[in-house]
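Enquirer: I would like the atomic coordinates for the input below:
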Amino acid sequence: MRYETFNLQIRKGPEGLAVLVDSPAGQGEGRLDLELVRTVRQRPAASQGTCTLEDTGRNLFDALLDDKVAVLFYESLALLGPSRGLRIQLRLDLSDPSIASLAELPWECLYSGRLGGFLGLRRRTPIVRSVAIPRPAQSLPAPRVLRALVVLANPSNAPELDLATERAAIEAALQGTSNVEIDVLEQPTRETLAAALAGAARAGRPHHVLHFMGHGSVDAATGDGLLWFVGESGRADPIRGEELVRELADFPALRLVFLNACQSARSASEESPFRGVAAGLVRAGVPAVVAMQMPVSDKAAVELCRVFYRRLAAGDPLDTAITEGRLALDRLRGADEEWSVPVLFLRLPDGYLFTSADALPHRSFGLRRAGLAVLAAVLTLLLGLGWARDRREAGARQRIHRGLALMSEGRSDEARHELLAVLKTDPENSAAHANLSILEENQGRYGEALEHARSAAAAAPAQAVHHYNLGNLLAFLGRDEEALSSLHRAVVLDPGHAPAWNELGRLYLRLDRPVEAKQALEAGLRSDPNLAPLHKNFALVDLSEDRAVVAIARLERALSLYAPDDTQGIAETLYRLTEANVRAGRREAACHSLESLARRPAGPWMQAGVDLAKQIRCEGVS
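Expert: Prediction:
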């Protein structure tokens, strides 16, 4: 099933905690009902017979989705129709204690009375969590062989676990899959885990999946999440989450960590929630983590793994696999309500472990004015990405590659022919649409360019880059409100998308909304502090607030970051630096900036510089 995202971001508002929504039906804002949240916190466990999981799920749904948010949710489902899914993504900023405390609630059991069921048990509405991290998940091309490290920890002084059955379930699920290799590490110490990972990486066989089977707990005194490794004596050696993070942080090939251990999704400390094992791994950069928020039985653990890995081997995304795992637990006798125990932390926009051909290189603001022909040459990088989806036919791939090469050579008509041929056999090929949009824009055919940009975003709605490209084009065409909507969608799908944050900031500046511009640019700099246009545009915010000296520092930083061939970006920054020096009363420095500008190729900023030189009486600038 193909999914679009119903993104729910909880953040502080003027009257408590607000719920910001980005969805197929539009954007909106609601309010988190803290009274209902308190009701859930204070309610005894369902096992005591005083409440049911349905009661908890109803309260959590009503607390999170007030009337306005619920309308967007049901409208989004209606828009998609029965053949498309709606991924419910709850985004939490764990750095804020008032929000971090919400992470301990069982959001996976959201219950809709209107739909008559738990959302987490419906294939159309998988529930995932997204932790706010100020950098994007790194993309990785699909490897020829997927390698998993299965770790079995059963200390002699801990309750016996049926790890042999769980291991057999994983192997059976992947049996017959020729491109999967499994390594097994039994009775691990922290040292042997590190050695296994490092040895595989040195041999050119890095692990992409780490599956831990064993005991987990939370230290009530410190709030540390613990995984029970095995000491030299064979007895339990609890390893803190932050210690595990240090062992895993420097293995960029690692895409998924599956923690089949009790309470591995939890942290007892609201002030330091990243002391939990799962949250710590997400902050360290692991793109996907599956963990348990409560104790889980042997029988449930084995069945979850069996179905989860079987669905991954079949090509399903992670959110589909975890939903099928929940349904399997719901069907399992003697595992009542354990379907709500697994938690999926996901930082991958489409739920797949590896990038696909749809993940086009991002446009960069300034390329449009420098001449988009440059971009076509950059897009030849697609040749080295690898294609992760078998449904992309080899013929279509070859035609797109030929189209990219022809674009880079300036042979637009021939490139158009190749890309249109792809669409005849695959009308929803987002890569073909995206490149056609760039080609038509280069030719000044903006109506056609916009049509293809919209088609790319519709064909791959989970790919932030398509929404960014669409927003960038809409902004260029002066369709600001539509541009804002597309750009917001891009940063919701990929909060680390610095160019999209930059374009948002630039657009807010144009609309004379400096507060929102500043917020967007700050988010962009958190994601990529070395993106030159972010510093340049932030300087414009400073100038609007009469902070010329601060603006000068930012503009000088931008100049140090621009690529030498980005002539228009450098020219604009030199002109803005001149303006800032004039405002700061630094006439000599302003004239020096204009002299540097005069040595650049002729362009609109050059003429503006000549006019400014006359105003401040700079000699030798013409």
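Enquirer: surely Val209 meets Arg255?
Expert: Yes: with contact defined as Cβ atoms under 8 Å, Val209 and Arg255 form a contacting pair (6.7 Å). (C-beta placed from N, C-alpha, C; glycine too.)
Enquirer: shared neighbours of the two, which are they?
Expert: Common contacts of Val209 and Arg255, defined by Cβ atoms under 8 Å, 6 or more residues apart in numbering, comprise Leu353.
Enquirer: what residues does stretch 516-528 touch?
Expert: With contact meaning Cβ under 8 Å, 6+ apart, stretch 516-528 is reached by 134-136, 491, 495-502, 504-506, 508-509, 531, 534-535, 537-538, 541.
Enquirer: again, but for stretch 294-309
Expert: 106, 161-162, 165-166, 169-170, 172-174, 211, 213, 258, 260, 262-263, 290, 321-322, 324-325, 327-329, 332, 334-335, 338, 341-342.
Enquirer: tell me which residues in that stretch are buried?
Expert: Under the neighbour-count criterion of 16 or more other Cβ atoms under 10 Å, stretch 294-309 has 294, 296-297, 299-309 buried.
Enquirer: picking that back up, and the buried ones among the contacts of stretch 294-309, selectable in ChimeraX?
Expert: For the buried members of these, the matching ChimeraX selection, counting by 16+ other Cβ under 10 Å, is:
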select :106,161,166,169,170,173,174,211,213,258,260,262,263,290,321,322,324,325,327,328,329,332,335,338,341,342
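Enquirer: just the contacts of stretch 294-309: which are in strands?
Expert: Among those, DSSP state E puts His211, Met213, Phe258, Asn260, Val290, Pro342 in strands.
Enquirer: so what strands line up beside the top strand by length along the chain?
Expert: Criterion DSSP E: the longest strand present in the chain is strand 2-13. Counting by DSSP bridges, the strands paired with strand 2-13 are strand 16-23 (antiparallel), strand 84-92 (parallel).
Enquirer: report the distance from the last one to the chain centre.
Expert: This points to strand 84-92. 12 Å (Cα atoms, centre = their mean, to the nearest Å).
Enquirer: now the helix or strand following that strand: average pLDDT?
Expert: For strand 84-92, the succeeding helix or strand toward the C-terminus, using DSSP states H and E, is helix 97-100. Over the span of helix 97-100, the pLDDT mean works out to 82.
Enquirer: pull out the buried positions in helix 97-100.
Expert: Using 16+ other Cβ under 10 Å as the test for burial, helix 97-100 gives Ile99, Ala100.
Enquirer: check stretch 396-413 too.
Expert: For stretch 396-413, by 16+ other Cβ under 10 Å, it's Ala396, Arg397, Arg399, Ile400, Arg402, Gly403, Leu404, Ala405, Leu406, Met407, Ser408, Ser412.
Enquirer: how about stretch 223-240?
Expert: For stretch 223-240, by 16+ other Cβ under 10 Å, it's 223-231, 236-240.
Enquirer: again with stretch 571-584
Expert: Quick answer for stretch 571-584 (16+ other Cβ under 10 Å): 571-584.
Enquirer: those in helices, which ones?
Expert: 571-583 (DSSP state H).
Enquirer: now the buried residues of stretch 294-309 in a markdown table, with pLDDT and secondary structure?
Expert: Below are the buried residues of stretch 294-309 laid out as a markdown table (pLDDT from 0 to 100; DSSP: H, G, I helix; E, B strand; the rest coil):
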| residue | pLDDT | secondary structure |
| --- | --- | --- |
| Met294 | 89 | coil |
| Val296 | 85 | coil |
| Ser297 | 86 | coil |
| Lys299 | 86 | helix |
| Ala300 | 89 | helix |
| Ala301 | 87 | helix |
| Val302 | 86 | helix |
| Glu303 | 89 | helix |
| Leu304 | 91 | helix |
| Cys305 | 88 | helix |
| Arg306 | 86 | helix |
| Val307 | 89 | helix |
| Phe308 | 91 | helix |
| Tyr309 | 87 | helix |
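Enquirer: pick out the most distant pair among the residues you listed.
Expert: Between any two of these, the greatest separation by Cβ to Cβ is 21.7 Å, found for Met294 and Tyr309.
Enquirer: my read: Asp224 touches Val218, true?
Expert: Yes: at 7.1 Å, Asp224 counts as touching Val218 under the criterion of Cβ under 8 Å.
Enquirer: wait, a helix at Glu75?
Expert: Yes: counting by DSSP: H, G, I helix; E, B strand; the rest coil, Glu75 falls inside a helix.
Enquirer: list the residues that contact it.
Expert: Shown in contact with Glu75 (Cβ under 8 Å, 6+ apart): Ser23, Ala25, Gly26.
Enquirer: ok, now how distant is the last one from Leu439?
Expert: Note on Gly26: its distance to Leu439, by Cβ to Cβ, to the nearest Å, is 31 Å.
Enquirer: so the two - more neighbours on which side?
Expert: The neighbour count for Gly26 versus Leu439, taken as other Cβ atoms under 10 Å, is higher for Leu439 (26 against 13).
Enquirer: export the host helix or strand of the more buried one as CSV, just CAs?
Expert: Assessed by DSSP H and E, Leu439 sits inside helix 430-442. Taking C-alpha atoms only, helix 430-442 is exported to CSV below (Å, rounded to 0.1, in the frame of the first residue of the first chain):
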residue,chain,number,x,y,z
SER,A,430,8.0,10.7,-10.5
ALA,A,431,11.6,10.9,-11.7
ALA,A,432,10.5,11.4,-15.3
HIS,A,433,8.0,14.1,-14.2
ALA,A,434,10.5,15.9,-12.0
ASN,A,435,13.2,16.0,-14.8
LEU,A,436,10.6,17.1,-17.4
SER,A,437,9.6,19.9,-15.0
ILE,A,438,13.2,21.2,-14.9
LEU,A,439,13.6,20.8,-18.7
GLU,A,440,10.4,22.8,-19.4
GLU,A,441,11.4,25.5,-16.9
ASN,A,442,14.8,25.8,-18.7
